[in-house]
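**Student:** starting from these lines, generate the structure:
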Amino acid sequence: MPSAPPSPSGHPGAGRPKAPPHARPLPLRVGTRGSPLALWQTRFFLQRLSTFCPVLRAMDVFEEHAIRTTGDATQAAGTRLADLGGKGLFAKEIHEALLDRRIDFAVHSLKDLETDLPAGIVLACTLVREDAREALILPAGTVVDAQDPLAALPKGVLVGSSSLRRQAQLLHMRPDLRFGTIRGNVATRIERVRSGDFGATLLALAGMKRLGLDGEAAAVLGPELVLPSACQGIVGVTVRADDVELRSMLTGIEDADARAVSRAERALLAALDGSCRTPIGGYARLLEDGQLHLTGLVARADGSFLLRRAISGARGDAERLGRELGASLRADTPRDILA
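**Tutor:** Purely as a prediction, here's the structure:
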């Protein structure tokens, strides 16, 4: 089990050093969702930033601001994200806090961040990517064939998912499966399967690893079987575009590989410009020779249509590769899917 990043001790109260004249006001306020995974990611980011800038750690200047987003507020309703507006639901209120200067930077799961950010906000930093693969959650004791993990799913079993991307890919391979909406944090979704509400679900392995729950996975599905969401496993940090000081500071902890693959994947999404109801997958990786290999996918939610293609090129051309692959997929996808 990975050790959890330390909880930052910067909270309002006596004892914090005052900012020197003409310096940035302290504390530095970081916005995040309030879920266990979001808080883990935020503390991981602050740990990295403190390591790069030890003076920040010594001065104890960080302050967390957990912000309830529209996506969080609708968790209990059991409504699909696609029916509520899709991407951006987990960021809207955080964007507003950033623009209103209630926080100084914000930490996001990059897969939940829309490709077109509000005016005045920029993606300033991407952190090293965790395992982007999908985890298959099954009832305890289920025997799984590593060569054919989906064979462990009984015919007609009810699969819990709020992701049309996952649903489309599974139905393309197993049209007999049934799907029901499942929402909630990682631990809640695992418990819904353990309690018998659902016969299976898929989760991002990255989140499970960060929370020390990866041992709950019955099998890990590689991208050749189930293509991940674009930017799955990558943490992104946004700031105000005019905050030159923080933008400069964050370049010191930027992971160059994560930046390259995320640029390709986000460019793919932007080129497809599908609605939130469109099942789209994207996964880029860097090959041993330094080339970037990008795979993209577009499908119907019922699995009756699935188009998957790949492209390779120089990592410096990440965005161009994403645009080209997106254009190729769009050209051969029925119009109604990307409407």
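
**Student:** quick one: average confidence on the helix or strand where residue 325 lies?
**Tutor:** Assigned by DSSP states H and E, residue 325 belongs to helix 318-331. The average of the pLDDT scores along helix 318-331 is 98.

**Student:** mind starting the numbering at 26 from now?
**Tutor:** In the new numbering, first residue 26, that becomes helix 343-356.

**Student:** list the pairing partners of the helix or strand hosting residue 90 within its sheet, with orientation.
**Tutor:** Remark: residue 90 resides in strand 87-91, with elements defined by DSSP H and E. Partner strands for strand 87-91, per DSSP bridges, with pairing direction: strand 53-57 (parallel).

**Student:** for the partner strand, what is the distance to the chain centroid?
**Tutor:** Taking C-alpha atoms, centre = their mean, to the nearest Å, one finds strand 53-57 lying 18 Å from the centre of the chain it belongs to.

**Student:** quick one: the helices in the protein?
**Tutor:** Listed in chain order, the helices of the chain (DSSP state H) span residues 61-77, 79-84, 95-98, 117-124, 189-198, 211-219, 230-235, 269-275, 281-297, 343-356.

**Student:** still on that earlier bit, quick one: buried residues of the strand holding residue 90?
**Tutor:** Applying a neighbour-count criterion of 16 or more other C-beta atoms under 10 Å, one finds 87, 88, 89, 90 buried in strand 87-91. (C-beta placed from N, C-alpha, C; glycine too.)

**Student:** and the residues you listed, which is closest to residue 211?
**Tutor:** residue 89 (19.6 Å; C-beta to C-beta).

**Student:** low-confidence ranges in the stretch 226-364 of the chain?
**Tutor:** Under the criterion pLDDT under 70, the flagged ranges of the stretch 226-364 of the chain are 299-301.

**Student:** returning to that earlier point: counting by contacts, list what the helix holding residue 350 packs against.
**Tutor:** Using 3 or more C-beta pairs under 8 Å, 6 or more residues apart in numbering; DSSP states H and E, the elements in contact with helix 343-356 are helix 281-297, strand 305-311, strand 316-324, strand 331-339.

**Student:** switch the ones you listed over to JSON lines; also include distance to residue 198 and mean neighbour count.
**Tutor:** Putting the helices and strands packed on helix 343-356 into JSON lines (distance: least, C-beta to C-beta, whole Å; neighbours: other C-beta atoms under 10 Å) gives the following:
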{"stretch": "helix 281-297", "distance to residue 198": "22", "mean neighbour count": "23"}
{"stretch": "strand 305-311", "distance to residue 198": "14", "mean neighbour count": "24"}
{"stretch": "strand 316-324", "distance to residue 198": "11", "mean neighbour count": "23"}
{"stretch": "strand 331-339", "distance to residue 198": "9", "mean neighbour count": "16"}
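
**Student:** what's the closest of the ones you listed to residue 260?
**Tutor:** Set against residue 260 and scored by C-beta to C-beta, the helices and strands packed on helix 343-356 come closest in helix 281-297, at 8.4 Å.

**Student:** now the angle from that closest one to strand 316-324?
**Tutor:** Relative orientation of helix 281-297 versus strand 316-324 (axes from the mean of the first three to the mean of the last three C-alpha atoms, to 10 degrees): 40 degrees.

**Student:** CA atoms of helix 281-297 as CSV?
**Tutor:** Written as CSV, here are the backbone C-alpha positions of helix 281-297 (Å, rounded to 0.1, in the frame of the first residue of the first chain):
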residue,chain,number,x,y,z
ALA,A,281,7.6,16.3,-19.4
ASP,A,282,6.3,12.9,-20.4
ALA,A,283,2.9,13.6,-18.9
ARG,A,284,2.8,16.9,-20.6
ALA,A,285,3.5,15.3,-24.0
VAL,A,286,0.9,12.5,-23.8
SER,A,287,-1.8,14.8,-22.3
ARG,A,288,-1.3,17.3,-25.1
ALA,A,289,-1.9,14.5,-27.6
GLU,A,290,-4.9,13.2,-25.9
ARG,A,291,-6.5,16.5,-25.2
ALA,A,292,-5.9,17.6,-28.8
LEU,A,293,-7.7,14.3,-29.9
LEU,A,294,-10.7,15.2,-27.8
ALA,A,295,-10.8,18.8,-29.1
ALA,A,296,-10.6,17.6,-32.7
LEU,A,297,-13.5,15.1,-32.2
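
**Student:** what lies in contact with it?
**Tutor:** Outside helix 281-297, the residues within contact range by C-beta atoms under 8 Å, 6 or more residues apart in numbering are 135, 140-141, 151-154, 255-256, 259, 261, 303, 305, 307-311, 317, 319, 321, 323, 340, 343-352, 354-355, 363.

**Student:** so how far is residue 316 from the closest residue to residue 319 other than its chain neighbours?
**Tutor:** Distances taken as C-beta to C-beta, 6 or more residues apart in numbering place residue 309 nearest to residue 319, at 4.3 Å, with adjacent residues excluded. The span separating residue 309 from residue 316 equals 11 Å under the rule C-beta to C-beta, to the nearest Å.

**Student:** can you check residue 59 too?
**Tutor:** Between residue 59 and residue 316 the distance is 40 Å, computed by C-beta to C-beta.

**Student:** name the nearest residue to residue 52, ignoring sequence neighbours.
**Tutor:** Of all residues apart from its sequence neighbours, residue 88 sits closest to residue 52 (C-beta to C-beta, 6+ apart), at 4.1 Å.
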